[in-house]
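Trainee: give me the fold of what follows.
(one chain, ligands or ions: 2)
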Amino acid sequence: MLTCDLHTHSLFSDCGNHTILELLEWSCKKGIKGLAITDHGPKLFGRKISSTFFERLKNPYENKIKFFKGIEGNLLKDEGKTDIPRKFLKHMDIVLLGFHFIIPKNLGADYYTDLLIKAMNENRFVDIITHPIDHKYPIHYEPVIETAKKTGMALEINNSKLELKIVTTKQQKDFLELCKAGGCRIAVNSDAHAINELGDDKHVRPLLEEVNYPKELIVNHDLESAMHFIEERRKFKLKA
Ligand SMILES: [Zn+2]
Ligand SMILES: [Zn+2]
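Mentor: Ligands and ions are numbered 1, 2, ... in the order given. You can find the predicted model right below:
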């Protein structure tokens, strides 16, 4: 079980099952110490960003759990662009970015790699690249790992993609070996869409152990490291 899960979805994502309160309550029940709610950027399902979530909602369980506000933004096909609304950045603790179905398929790994690297270089307020292993959007891993290192971003190890068999154990393990060799920071997340998935790392945990991934390179290996990562990255959001 993750102590701090930095990637989950509520009802504000059309694919999420639960309210923000339900996610927080169940995370407390499960003993999770830190939870980021990171609903999808506005271009994925065409929903408006909830300004009250970012500007007004306070953590109702302050003594039980750290609540981080975030977003999982979308890469757009215009070079280097994302749908992350800059006006809310100052209220965000964590910013995720990933490929989703709004990007055309079958354009080849060179195209997707260039697109991602441009977006990473031009949106320094992004903290984590979500599910970098995706057969629909293949990328060359080495240059992305290098860019993550240069920009201080973390690459995600996503439990849900393994659970859903979208990523194989071998693909995930090979990717971890490359990240380790490149000295790249990673974030281990559930990408939960349902309360039973909150904090779940059962598919990725054995691989991290097999590869013996250095703890200091896992940005959310505990609550303290996650908070340190979030604070280290905040300057990019305030500058944007
Ligand atoms: Zn995603
Ligand atoms: Zn997600």
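Trainee: list the buried ones in the top helix by length along the chain?
Mentor: Looking across the chain with DSSP state H, the single longest helix is helix 223-239. The neighbour-count check on helix 223-239 (16 or more other Cβ atoms under 10 Å) flags 223, 225-227, 229-230, 233-234, 236-237 as buried. From N, CA and C alone the C-beta is placed, and that goes for glycine too.
Trainee: in CSV, could you pull the C-alpha coordinates for stretch 203-221?
Mentor: Only the C-alpha atoms of stretch 203-221 are listed here, as CSV (Å, rounded to 0.1, in the frame of the first residue of the first chain):
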residue,chain,number,x,y,z
HIS,A,203,1.4,-5.0,-9.1
VAL,A,204,4.3,-2.6,-9.2
ARG,A,205,5.8,-3.1,-5.7
PRO,A,206,7.4,-6.5,-6.5
LEU,A,207,9.0,-5.1,-9.6
LEU,A,208,10.5,-2.2,-7.6
GLU,A,209,11.9,-4.7,-5.2
GLU,A,210,13.3,-7.0,-8.0
VAL,A,211,15.0,-4.0,-9.7
ASN,A,212,16.1,-2.7,-6.3
TYR,A,213,15.0,0.8,-7.2
PRO,A,214,16.8,3.3,-5.0
LYS,A,215,14.4,4.7,-2.4
GLU,A,216,15.8,8.2,-2.7
LEU,A,217,14.8,8.3,-6.4
ILE,A,218,11.1,7.4,-5.6
VAL,A,219,9.6,10.9,-4.9
ASN,A,220,6.7,9.5,-2.9
HIS,A,221,8.4,6.7,-1.1
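Trainee: in the protein, which ranges drop under the pLDDT threshold?
Mentor: Applying pLDDT under 70 to the chain flags no residue at all.
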